[in-house]
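Peer 1: Sequence unavailable; structure follows:
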């Protein structure tokens, strides 16, 4: 039986910024070496960032990924870190002949083992997720290998992310082939309560494989996704040994003991992977001698975040990274005095600091007195930059030229506000944040090119009832990572008053929508759980409301898709747009 | 040797409108019966329309598809059409146990044979395209069957769309199993010059399989896609026997002779499909006796459209169907006097008739005299509905409240125009058409929420040089399908004058962009052919221009994606939006 000290690099890479990611690999490996780790494991596609979307179809990008991997292996040696083995994800290519439907260049979602200046072995993800947020059949071809390298006598297998989630394939072979440890680079996006699912999965796979499991996950905001870290180490019995914090970059160092010492013969061995494929196990030896016994560092298992802390932290990280990775210095948003814009401003202040947050108060003829006062109170509490731009004269100028009534006239006001924000954004370089919540966006209670005009929508996935909960939570809690230092940053009146869009006299949200407690339960079942109308009624929702809300949601979705932001540029004259990641530092023009 | 008369139903279904599609199946089958066909073949997923995107993940939708198939089989019998076998595409489900990553309900891109009131056999697409505009690993599981039914002594195999394009799978089994004819329902989107590729493919597959091939393709606009028809019949030697017209619904009736008569035993037989899978051939018999010899109808092979007729017809059909399938009655657009809006207006007049086209002339302080005059000349020639809304006073009202300069001030003017169009759209129910061409959209020469605000962008995939070509072509040509009856509908001055956005004094497009002939060649290589910077330089493009244009294109793409139209509603708190087809008549609330 042997000991090993493993370092899990729970990192926040930037998509396309190969050189910055490589620098981070060197720095974190040095940290791991100083903490006397025997192995350091980075995340899935760490060198390129994840997800890279259609960038992976560019030959020059895949070339750069492979070149960066080889360069970083040599740099580790040059900087005296060559003896510490590193497992890291990157993009490689399979070298297959082109055929119809195969992604250009046959890219691989790959991982490599670096040691003594060399790329010792390479592998790639076998199971390609193509559901939910994943489109990997579009981007990758399958890997068909399972490397097992001997490190101080212990056989360590490498598998990538989704291969843990699916039955069959490389992970199913680990048990047959025999390994003392399985390490898995991941890029697993945050979902509410996913931490419980991940732990259960890791424990099950460890028991099936009969070995410990080191699960290293990315953190950080990447466009529409947030990665939460939550890296996990379990032993062969499936018991939790160590865990990373959520939403924080950290190098987690964990000591494992009781690992089996192997003397299996090096070489390549084919295995039936139980999913119709054959996986080639490659056994190789870095070092056979177990390390001398040493005192273990105490394992760390952080207290899990409660649901509000978890969601709020995800939103702060999403805004911070979207701003930083897009190269913005500041944000701008309209502040109405209502709860949605108040919470959005607070998230922004926590993410990038109030001095980089600009708010515009845009009262109209229908704005109530308390709206302006509540907005000004938030400005006072948080110290954000504020300006007041009344919209009445501009609305009048439009109405002199064209006759609009009803909803068209309401939309006009929202659009004038959107144009003011976009104008100030164009003039000063601020990123426009929109302030719509999920309940109103889902039901279409929003104006295209009006309140929905902007670059990032921090609370678009937060139902209205949770908007209130998060506001109350934030008034009672903080976190050392938040950049806003203010007591009760959100005015109580913004939380307690009745919601209104104030686009016509005495308007109330409940004129158009059911009460939010009722609406949000129904939206959760329809949008999140994807239940059909019969299921919704069977689950106890009012049948008339089911019909009405489904109609609103579907109509809102059609409207959003009918009205694209600007037409997409599609290759082949018609069809799907090229999907490049937004927050991305790769430039074909300079690559 | 035997004869058969086959009817190819080259149809334009509406996504989600199961009952209208079913009615169309009955009507077209009656037409085929009156023309004494022995078999009628409809397109891929005809009963549901194609593509249905995330609708296929709804249990109630798949239920409705299966129910509609069974109902339509009985209706055919009830209406005296039960003796005429019908092959039709629809959505079925595989009945597999759920597992991680498998689309909810395990849907199948299916086809069925209907005869004598029954669903005689069912099959489903084996190769799932997941490239370009296709995302089928997200939506479907694979089929693994090849039905071969005997019709008047001839063995007829059924395979769906992509199974023709890929090596291995059901089509590779046709030759081994022996069939006299292969019929293939398709939904193959239009691309420029794809007709040549299709014919070559059909000819090759027919020769490989040693039998004739009947390829039936959908027509019609469906959101971002246009289907062009171009159905094909080839004999076993790969020679073209008959062909459908492009962009027209039609029932193509073709007589085949010299078909082999089969006496193979009915039953099920497994075959190695050459792609690692086993395909089960199901042989069944509808009728063994060859039809008595009869005089064949002459085959029709239409003259192919020239490139301008082809592209222009695609644009007209795309607009017509987007308007009709979304339930709009009319369109509105800004008419500047320039060529882009002139061509867009003409396409709209051809698509839905000039009386349903509304144009708004929105001169600013920078508009030249000829702009208004050229726009008015188009109104006169086409008879569209026009109104003039000057924007100077509205722009002034904004500038009184906020200071904008340079590009921000230019964008303001474009946004005021966008708001006027959206306001009139909201007030009157018109669909807003945007007028940007591919060259300017690709390079970001466009304003978000300004000229890009709207629901459909007819010429977004047309490079500027082709905009001019299409305008000249349309002034010289017409088509019986066009609804505009006008001599030279586009004023010559709009075609010949130098392009300008007129957002500042004496502005010219060439202030910001290279000449369009140079730009379009480069864009074609970068966007359509996906060449990297080294390849572009090697292909002879100026290196400095390559760097500059790639930067513009990538930046424009990031900007478009940074600024979504309205935030998307994503399930699971973060992630991908539900992708429902826009032009879609299915309603969960009523289904």
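Peer 2: Alright, I've got the coordinates. Here the structure is a predicted model, which means the values were calculated and not measured. Residues are numbered from 1 along each chain as shown, chains lettered A, B, ... in the order given.

Peer 1: how far out from the middle of the chain is the helix or strand of chain A with the lowest mean pLDDT?
Peer 2: Every helix and strand of chain A was ranked by mean pLDDT, DSSP states H and E. The lowest is helix A:543-562, at a mean of 82. Helix A:543-562 sits 27 Å away from the centroid of its parent chain (CA atoms, centre = their mean, to the nearest Å).

Peer 1: which residues does residue A:425 contact?
Peer 2: Taking CB atoms under 8 Å, 6 or more residues apart in numbering or on different chains, we find residue A:425 in contact with A:332, A:431, A:432, A:455. All C-beta atoms are positioned from the backbone trio N, CA, C, and that covers glycine.

Peer 1: and it, which of the three is it?
Peer 2: helix (DSSP: H, G, I helix; E, B strand; the rest coil).

Peer 1: so how far is residue B:440 from it?
Peer 2: 21 Å (CB to CB, to the nearest Å).

Peer 1: Kindly report the same for residue A:359.
Peer 2: On the measure of CB to CB, residue A:359 and residue B:440 end up 34 Å apart.

Peer 1: Please spell out which residue in chain A sits farthest from the middle.
Peer 2: Each residue of chain A has a distance to the centre, and by CA atoms, centre = their mean the biggest one is for residue A:400: 46.6 Å.

Peer 1: Shouldn't that one be within a strand?
Peer 2: No - under three-state DSSP, residue A:400 sits outside any strand and is assigned helix.

Peer 1: Test my guess that it contacts residue B:393.
Peer 2: Yes - using CB atoms under 8 Å, residue A:400 is in contact with residue B:393, at 6.8 Å.

Peer 1: Wasn't residue A:502 part of a strand?
Peer 2: No - judged by three-state DSSP, residue A:502 forms no part of a strand; its state is coil.

Peer 1: Assign residue A:525 to helix, strand or coil.
Peer 2: Applying three-state DSSP: residue A:525 is helix.

Peer 1: Now it. Nearest residue, chain neighbours left out?
Peer 2: residue A:531 (4.8 Å; CB to CB, 6 or more residues apart in numbering or on different chains).

Peer 1: On the pLDDT front, check that neighbour for me.
Peer 2: Confidence at residue A:531, expressed as pLDDT, is 86.

Peer 1: Out of the contacts of residue A:425, which sit inside helices?
Peer 2: Assigned to helices by DSSP state H, none of these qualify.

Peer 1: Find the helix or strand that residue A:415 is a member of.
Peer 2: helix A:406-428 (DSSP states H and E).

Peer 1: between that helix and helix B:406-428, how many degrees?
Peer 2: Computed with axes from the mean of the first three to the mean of the last three CA atoms, to 10 degrees, the direction of helix A:406-428 lies at 170 degrees from that of helix B:406-428.

Peer 1: List the buried residues in helix A:406-428.
Peer 2: A:408-427 (16 or more other CB atoms under 10 Å in any protein chain shown).

Peer 1: Get me the contact residues on the stretch 101-250 of chain A for chain B.
Peer 2: Contact residues (CB under 8 Å from any CB of the partner chain) of the stretch 101-250 of chain A with chain B: A:101-104, A:127, A:129-133, A:135, A:137-138, A:162, A:165-167, A:189-192, A:223-226.

Peer 1: From these, which land in strands?
Peer 2: A:225, A:226 (DSSP state E).

Peer 1: pretty sure residue A:179 is in a helix, no?
Peer 2: No - with three-state DSSP as the criterion, residue A:179 is assigned coil and is not in a helix.

Peer 1: Ignoring the adjacent residues along the chain, who's closest to it?
Peer 2: In space, residue A:179 is closest to residue A:157, 4.1 Å off (CB to CB, 6+ apart).

Peer 1: That neighbour belongs to a strand?
Peer 2: Yes - Residue A:157: assigned to a strand according to three-state DSSP.

Peer 1: And residue A:453, how close does it get to residue A:467?
Peer 2: Distance of residue A:453 to residue A:467, given as CB to CB: 20 Å.

Peer 1: more crowded one of those two?
Peer 2: Neighbour totals were compared for residue A:453 and residue A:467, and residue A:453 leads with 29 against 26 (other CB atoms under 10 Å in any protein chain shown).

Peer 1: tell me the pLDDT at the residue nearest to the more buried one when sequence neighbours are not counted?
Peer 2: For residue A:453, ignoring the flanking residues on the chain, the nearest one in space by CB to CB, 6+ apart is residue A:418 at 3.5 Å. We have a pLDDT of 96 for residue A:418.

Peer 1: do the same with residue A:589
Peer 2: Reported pLDDT for residue A:589: 58.

Peer 1: Need the three-state assignment for residue A:255.
Peer 2: strand.

Peer 1: What is the neighbour count of it?
Peer 2: Neighbours around residue A:255, by other CB under 10 Å: 20.

Peer 1: give me the beta-bridge partners of it?
Peer 2: residue A:5 (DSSP bridges).

Peer 1: Could you give the number of residues near residue A:52?
Peer 2: Neighbours of residue A:52 (other CB under 10 Å): 26.
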